[in-house]
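Novice: Return atomic coordinates for the entry below.
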Amino acid sequence: MINNKKIFSSIFKRFYETNINLVKPGQVIKKDGKPFILVSKDHGGTGRSAAVFTVKNPITGQKVQFRAKGGESVQVMELRQRPYQYLYTSGKEVYLMNMQNYEELKIGTDKLEGGASKLGLLEDGMEVTVQILEPEPGPISWRLPARHVYTIESVVRRALQAKGSTYNPAIINGGAEVKVPDFVSPGDKVVIDTDTLEYVSKA
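Specialist: Numbers count the residues shown, from 1 in each chain. The predicted structure is shown next:
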């Protein structure tokens, strides 16, 4: 009989305890009372001594490391990712709509992955992803699509450099500043990487 897991499922909690060595990258563990996403684990080639685990805060993206022995147990939490549609922003909160049941969700701008500086990339009707720990604490973060099409409003031209093309700062229709090649002009529709804020291609 396998007894390396103890399942806890109630109206308040949904997680299970397991050997920390059985946790896979991408799963969410509870450490110091907070959820963290496991990024990697390094056993140093032996698999017996204490391993180094790298985890990431799902909201801030900050990574931390800790050591744990193979026999230690850890709580693994259930993380779901669901598509939502951006509706509008009011103060320090955004309002999103569940694209499956049309229910409205209110979530803080401070829970946007990458920080509040990315708010200028939001557009009406944009599809975003919400990360939810069920049934509690519920939504813990939300993120923009990896790439999105924007219209260039203005471009600040720089002098052409000797090597390669010049990347100029530009303002998109949402007000955020991005970087585009010198051949991009106001009115052009371009694909922007929402993580680096850099040009990917013309739309």
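Novice: what about the nearest residue to Ser185 once chain neighbours are set aside, distance to Val178?
Specialist: Counting by C-beta to C-beta, 6 or more residues apart in numbering, Ser185 lies nearest to Val155, which is 6.5 Å off, once chain neighbours are set aside. Quick note: C-beta positions are derived from backbone N, CA and C, even for glycine. Distance of Val155 to Val178, computed by C-beta to C-beta, to the nearest Å: 10 Å.
Novice: One more: Lys41?
Specialist: Per C-beta to C-beta, Lys41 is found 36 Å from Val178.
Novice: Compare these two and say which one has the larger neighbour count.
Specialist: Ranked by neighbour count (other C-beta atoms under 10 Å), Lys41 and Val178 place Val178 first, with 25 against 17.
Novice: which helices and strands sit right next to the strand or helix carrying Lys41?
Specialist: Assigning secondary structure by DSSP states H and E places Lys41 in strand 34-42. Packing partners of strand 34-42 (3 or more C-beta pairs under 8 Å, 6 or more residues apart in numbering; DSSP states H and E): strand 28-31, strand 51-56.
Novice: Just the CA trace of that strand, in CSV.
Specialist: Extracted C-alpha coordinates of strand 34-42, given in CSV (Å, rounded to 0.1, in the frame of the first residue of the first chain):
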residue,chain,number,x,y,z
LYS,A,34,3.1,31.4,1.2
PRO,A,35,2.7,29.8,-2.2
PHE,A,36,5.8,29.4,-4.4
ILE,A,37,6.3,27.8,-7.8
LEU,A,38,9.1,25.3,-8.0
VAL,A,39,11.6,26.3,-10.7
SER,A,40,14.3,23.8,-10.3
LYS,A,41,16.0,21.4,-7.9
ASP,A,42,19.7,20.4,-7.7
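Novice: Go through it and flag the buried ones.
Specialist: For strand 34-42, burial by neighbour count (16 or more other C-beta atoms under 10 Å) applies to 35-38, 41.
Novice: Could you dump those into a markdown table with distance to Tyr199 added?
Specialist: Putting these into a markdown table (distance: C-beta to C-beta, whole Å) gives the following:
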| residue | distance to Tyr199 |
| --- | --- |
| Pro35 | 34 |
| Phe36 | 33 |
| Ile37 | 29 |
| Leu38 | 33 |
| Lys41 | 36 |
